[in-house]
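Undergrad: Build me a model from this:
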Amino acid sequence: MTDAFTVLSADHTQVTSMLDMLGRTPGHTAGASEAVLRARKDVAEQLVIVSSAHEATEEEYFWPVVRDRLPDGDALADEAIGQESQAREALARLGKLDADDAEFDRLMAEYIPAALAHIEFEETRVWPGMRLTLSAQESADLGEKISAAREKARPGRTRIHRPARAR
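TA: Predicted coordinates for the structure are as follows:
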């Protein structure tokens, strides 16, 4: 069985990889080629899918356990859910934009550091306490619930499309 932190960490790794690609490639305002813009849009669409599934399963399974198990669980969950709500709004706007829109670049520039800060918040402020309070079996059970729900929430397997390197 896979524990909750392994499941959540895999999502964080996938999201971080997409954010890295989006942060490293030039946007429309930097003169990106059509191929790069298409790749950025594809990755942004995958980011919406992966992040939405991740956040939905956390809200259903992880944050209630945080509230129940940690003395400051309500405050931690509230802060995380607030961050996730802002992220959902940004991703919803991003999903409606083409990569050749300057607003896409602006939103991405705001979203990337906020998403990375949210991942850091979870991994450094929430997970240490949860690792101490959950038994190995409880973490495995929670991991199974999160994993099963996440797979149902994602429409098929996701692939990260990487643009060809500019010459």
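
Undergrad: and the helix or strand where Ser52 lies, how far out from the chain's middle?
TA: Assigning secondary structure by DSSP states H and E places Ser52 in helix 34-57. Here helix 34-57 is found 10 Å from its chain centre; the criterion is CA atoms, centre = their mean, to the nearest Å.

Undergrad: ditto for stretch 141-153
TA: Computed by CA atoms, centre = their mean, the chain-centroid distance of stretch 141-153 equals 15 Å.

Undergrad: Could you do stretch 97-105 as well?
TA: The answer for stretch 97-105 is 20 Å, by CA atoms, centre = their mean.

Undergrad: With stretch 117-131 instead?
TA: 14 Å.

Undergrad: Give me the buried positions along it.
TA: Under the neighbour-count criterion of 16 or more other CB atoms under 10 Å, stretch 117-131 has His118, Ile119, Glu122, Val126, Trp127, Gly129, Met130 buried. Just so you know, the C-beta spots here come from the backbone N, C-alpha and C atoms, and that holds for glycine as well.

Undergrad: try stretch 134-144
TA: Leu134, Ser139, Ala140, Asp141, Leu142, Gly143, Glu144.
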